[in-house]
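Sequence and predicted structure are below.
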Amino acid sequence: MQIATWNVNSLAVRLPQVLDWLAANPVDVLCLQELKLTDDKFPLDALQAIGYQCATFGQKTYNGVAILSRAPLADVVRNIGGFEDEQSRVITATVDAASGPVRVVNAYFVNGQEPGSDKFAYKMRWLDALRARVQAELAAHPRLVLLGDFNIAPEDRDSFDPVGLRETIHHTTEERAHFQALIDLGLTDAYRLFPQPDKSFSWWDYRMLGFQKNRGLRIDHILVSAALVPSVTACTVDRAPRKNKQPSDHAPVVATLA
DNA sequence: ATGACGGTGTGGCACCGA
């Protein structure tokens, strides 16, 4: 099966691009972030019409996540249990894939704005809570994928300017320790299972010709549990949608599981 | 040190993202 993550930065604006992308890339599961719309405005009909079931967790103006799946979705959980959060950032569901059920945790991680800020402190608390949640999910569901917009560049090679941006947001020691703590739960970065081009990124700033100059970050990730690692045959970033008119600032990341 | 671009919601701009 193929599973993908894409921060669309407003599904209202990007729906035509999502439909086009799914027509060209009929993945089994597509996890979206930054819907920026409430569930009553979610384009359920358009997505069902092309064969996707949807589990949605929207919000007005900011955040919002959804899981689209060709196979049935079950046991949907919204946000992080035991962590009070007004922001819609996590949706979890079991996908009944032909090769067996897979637990999918789709997350839009907190941005954090700037180290030392209140938002950064919220990011740290949120990451603590997410880790506990993923640990519990893993215990119950050994076949698990954690994917989404992590807002963390795990290593220097995941940033266009690791020296100039050292200890700035997405690059801090604390954020990278949190990423590693997720790995230490027993997860593997699917992208790094394979040789990849240098300067591979998943996000580029809209400003200053960021994409054209490949001034980007790799902050969108697909982590797979140990039980799934042997079945992963590919993981790629699809830069094509970033070349669209009115693109999202993020590109989809796609993993293929046998 | 600031803004650059784009989306949203509001109201003639501010806020947020990364």
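Okay, I see it. These numbers were taken from a predicted model, which means no experiment stands behind them.

Looking at the stretch 51-200 of chain A, which residue is nearest DNA strand B?
Closest approach between the stretch 51-200 of chain A and DNA strand B, counting by C-beta to the nearest atom of the strand: A:Asn111, at 3.5 Å. For every residue, glycine as well, the C-beta is placed using N, CA and C.

Contact partners for the closest residue to that residue other than its chain neighbours?
Distance criterion C-beta to C-beta, 6 or more residues apart in numbering; nearest residue to A:Asn111, sequence neighbours excluded, is A:Asn151 at 5.2 Å. By C-beta atoms under 8 Å, 6 or more residues apart in numbering, the residues touching A:Asn151 are A:109-112, A:123, A:169-170, A:175, A:219.

Also A:His178?
A:124, A:127, A:131, A:152 are the contacts of A:His178 under C-beta under 8 Å, 6+ apart.

Which elements pack onto the lengthiest helix in chain A?
The single longest helix within chain A, with elements called by DSSP state H, is helix A:118-140. Helix A:118-140 sits against strand A:90-97, strand A:100-108, strand A:144-149, helix A:173-184, with contacts defined as 3 or more C-beta pairs under 8 Å, 6 or more residues apart in numbering; DSSP states H and E.

go again using 10 Å as the cut-off
Helix A:118-140 sits against strand A:73-78, strand A:90-97, strand A:100-108, strand A:144-149, helix A:173-184, strand A:220-225, with contacts defined as 3 or more C-beta pairs under 10 Å, 6 or more residues apart in numbering; DSSP states H and E.

angle of it against helix A:173-184?
10 degrees (axes from the mean of the first three to the mean of the last three C-alpha atoms, to 10 degrees).

Buried residues, helix A:118-140. List them.
Neighbour-count burial for helix A:118-140, with 16 or more other C-beta atoms under 10 Å as criterion, is recorded at A:120, A:122-124, A:126-127, A:129-131, A:133-134, A:137-138.
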